[in-house]
Structures are given as structure tokens and as C-alpha cells.
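**Student:** next one to model:
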Amino acid sequence: MITATWTAERIEQLRNYVVSGLTCSQIAAEIGVTRNAVIGKIHRLGLAPGRPAAAPARSCPPRVRRPRFSSQRQALRLMYPGAPCAAEVDAAIPIDSSHRCSLIELAQGKCRWPVGDPDTADFTFCGNEAITGFSYCAGHARMAYRYPAKRRA
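**Tutor:** This is a model prediction of the structure:
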């Protein structure tokens, strides 16, 4: 025979113990169930131990958060103050990757922008001179670190 863990009597005891301010561990010891069972039942019943039934409204409005940008994006903004935002940048703008190189030839200070399909034999990297502190040349850095687009509603 299976006995119900939460009888009407136990639920009433739980409510009384919560109102009196006992901890979940203390309630569990008094009722004879596990602490997790007490926590789950309190949650399902909508009881909040030690807190009023309705939480008071915030006294101050929430802070407005500014979007965070990486230091690289900030540096690009300083380098290219008139650069277009992400929505205006066209991926079709040609960037002359005249110093293409393989992964083995890729050295410090070279642009690491992948060119082509990695599954083919003619896959290379841009290889142009990278901007100091960046992994990409000026053209590819503008593509990689775009200004954020306007938020959608």
C-alpha cells in the first residue's frame, strides 16, 4: 500500500511552520520528509519562507544598461570614426588579399581571415598586414568587429 507523502494534515503543518519562520531543514525534521520535499512543496504552494506574500515594489527604477563593446571594437571606432554600422556594411566590398598564405605560412602580424572553403585544397588566409593588437587587416577588422545594428523591437 502506497501512502501519500503530503496529506492534508502535513500540508497544514507545513503552512504553520513556514508562517512561524522555521527553516526548511527544521520543517523537514518535524514533518518527517526530506528537505527537498519541503522546498518543492513550498514552491508549489506559493509559500515563501520568511518573506511577505507580496514583495514590495522597487523603490527606484531599474538601471538603463549601455551595450558593452570589446576593447577591439572601441579601438576600431577610434580608428574609423565614420565607419558605417553593421546594417550598412556590405560583405561584398572587395578586400584585396594579395598576400594569401596557408596555415603553415601564417605568421605573427598577418591577417588571419579565412579565404575560401576549408574543405578544398586552395583554402588560404588573407595574409595582409594585420592591425597592431588585432588578428585581421583593416578591411577584415571592419567586417569582424562591426558596430551593433539597431535593436529590433
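
**Student:** Ile27 and Leu45, how far apart?
**Tutor:** In this view, Ile27 and Leu45 are 12 Å apart by Cβ to Cβ, to the nearest Å. For every residue, glycine as well, the C-beta is placed using N, CA and C.

**Student:** let me fix that, I meant to ask about Cys137.
**Tutor:** Per Cβ to Cβ, Cys137 is found 62 Å from Leu45.

**Student:** and the two? Which one has more around it.
**Tutor:** Higher neighbour count among Cys137 and Leu45: Cys137, with 22 against 13, using other Cβ atoms under 10 Å.

**Student:** break this structure into its domains for me.
**Tutor:** 8-45, 69-153 (automatic domain parsing).

**Student:** can you list the buried residues in the shortest one?
**Tutor:** Within domain 8-45, the residues that qualify as buried by neighbour count (16 or more other Cβ atoms under 10 Å) are 10, 14, 17-18, 22, 24, 27-28, 31, 33, 37-38, 41-42.

**Student:** name the helices or strands packed onto the strand or helix carrying Lys41?
**Tutor:** Using DSSP states H and E, Lys41 falls within helix 35-45. When contacts are defined as 3 or more Cβ pairs under 8 Å, 6 or more residues apart in numbering; DSSP states H and E, helix 35-45 packs onto helix 8-20, helix 24-31.

**Student:** what residues does that helix touch?
**Tutor:** 5-6, 11, 14-15, 18, 24-25, 27-28, 31, 48-49 (Cβ atoms under 8 Å, 6 or more residues apart in numbering).

**Student:** quick one on the thing from earlier: anything in contact with each of Ile27 and Leu45?
**Tutor:** In contact with both Ile27 and Leu45: Leu14, using Cβ under 8 Å, 6+ apart.
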